[in-house]
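1. this one's sequence-less:
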């Protein structure tokens, strides 16, 4: 259990150090999408992937916390 929690925390910390920023919220991602008007689509796609991964990790961490702690 502890190994999984450590892995999740390590992955979440990496999200702040990537080349492409991980959005803090869906609103930020939507705002960026509107502002770029179709340019930098590769960056927008990576931001969306990062945000989805972050949410998945946070959801798993939440479930582990609720079930085992």
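-> Thanks, I have the structure now. It should be emphasised that the depicted structure is a prediction, and the values quoted were computed from it without experimental measurement. Numbering: from 1, shown residues only.
2. I'd like the distance from residue 11 to residue 59, if you could.
-> 13 Å (CB to CB, to the nearest Å). C-beta here means a position set from N, CA and C on the backbone, and glycine is covered the same way.
3. Assign residue 4 to helix, strand or coil.
-> What DSSP: H, G, I helix; E, B strand; the rest coil gives for residue 4 is helix.
4. Does the lowest-mean-pLDDT helix or strand in the chain pack against any helices or strands, and if so which?
-> Ranked by mean pLDDT, DSSP states H and E, the weakest helix or strand in the chain is helix 26-36, scoring a mean of 88. With contacts taken as 3 or more CB pairs under 8 Å, 6 or more residues apart in numbering; DSSP states H and E, helix 26-36 sits against helix 41-68.
5. Now the helix it packs on: buried residues?
-> 44, 46, 47, 48, 50, 51, 54, 57, 61 (16 or more other CB atoms under 10 Å).
6. Leaving out the residues flanking it, which one is nearest to the second one?
-> This means residue 46. residue 20 (4.3 Å; CB to CB, 6 or more residues apart in numbering).
7. now swap in residue 29 and tell me
-> Nearest to residue 29 is residue 23, by CB to CB, 6+ apart, at 4.3 Å.
8. Residue 32 is in contact with that neighbour, correct?
-> Yes - the pair residue 23 / residue 32 is scored as a contact, 7.1 Å apart, by CB atoms under 8 Å.
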